[in-house]
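1. Below is the sequence, then the predicted model.
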Amino acid sequence: MIPLIQVESVSKHYKAASDAGGTTVLQDVSFHLEEGQSLCLVGESGAGKSTLARLLLGLEVPDSGRILFQGKVMGGKNHRRELKRFIQIIWQDPVVYLNPYYTVSELITEPMAIFGMGNGSHQRDKMMQLLGAVGLSVNLSARRPCELSGGQCQRVAIARALAVNPRVLICDEALAGLDIPQQARILRLLIHLQQSMNLTCLFITHDLSAVSRICPKMAILTAGKIIEIGDTRQLLHHPVHPYSRQLMQRGDAPSDDGRLS
Ligand code: ADP
């Protein structure tokens, strides 16, 4: 069976304003994701993680290599409208990226309206159902992001992403702005949603402590290259590459049960 997503030898270079040099942000990155599978992409700040997310969303195109969705090349003009619906993302700070003028209800129904999914009453029903799915009371539907906690905002962002029935969910440092108890709750929610909806997920993080709970498979990205990819527990406890070993020693690699501290 063809994997849902195939990233094949992708490289990305940004030119410098002065015309000299520039930065190679991704070099020959390859991996694939089967439907319903999750991958945790770990790397320090500046490793190229968000650039990869932008490429997967079709916001930018690779300089070389290609990304395929269900066996078809995506990116640029080929990135069809359907793909924009199928691949959704949750960013780090929902309080910043959710439109502050919109109510919770508007934030969740807007993507359905954009993609022409059902009439107003269908969208409203689905919004209420999604609020339940992400653990929010319908009483919050008239509030705006500034009237919610960080964790509640992240739940709204998740409901908004799920509103258009995506196949792939990218979580780019989605827990980073939250305190530890909130991180644990949102993490549990994401794991539950991923499993119950058979979502294909890419979790992007610089934080090793949650990795083993999220995905059975992980990849380590440094300076734009994937240096190791494989079974999460194996990689966390027996890293092969010197950089991975350094990362495990420096980071708070989780205990065997992978519980958040
Ligand atoms: P990460 O998400 O791992 O922190 P990023 O993908 O955000 O890393 O960035 C990787 C590198 O690419 C950084 O050095 C960043 O400054 C650079 N970069 C990202 N976007 C651009 C851009 N549009 N133009 C030039 N350099 C960029």
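-> Received it, and whenever you're ready, just let me know what you need.
2. tell me which residues in stretch 9-28 are buried?
-> Buried positions in stretch 9-28, judged by neighbour count with 16 or more other Cβ atoms under 10 Å: 10, 11, 12, 24, 25, 26, 27. No exception for glycine: its C-beta is placed from N, CA and C like everyone else's.
3. Out of the residues you listed, which are close to the ligand?
-> The subset of the buried residues of stretch 9-28 within reach of the ligand, by Cβ under 6 Å from any ligand atom, is residue 25.
4. Please, where are all the helices along this structure?
-> 49-57, 81-86, 94-97, 104-114, 120-133, 150-162, 180-196, 211-214, 232-237, 242-250 (DSSP state H).
5. Out of those, flag the one nearest residue 36.
-> Smallest distance to residue 36 across the helices of the chain (Cβ to Cβ): 8.2 Å, for helix 180-196.
6. hmm, which two among the buried residues of stretch 9-28 are most spread apart?
-> 10 and 24 (11.6 Å).
7. and the closest residue to residue 92 other than its chain neighbours, what are its phi and psi?
-> Counting by Cβ to Cβ, 6 or more residues apart in numbering, residue 173 is the residue found nearest to residue 92 once chain neighbours are left out, at 4.2 Å. Backbone torsions for residue 173, taken as degrees, to the nearest 10, come to phi 50, psi 40.
8. Surely residue 49 and residue 223 touch.
-> No: contact criterion Cβ atoms under 8 Å: residue 49 and residue 223 do not qualify, at 11.7 Å.
9. show me the contacts for residue 16.
-> Residue 16 sits next to 22, 23 when contact means Cβ atoms under 8 Å, 6 or more residues apart in numbering.
10. No further questions, thank you.
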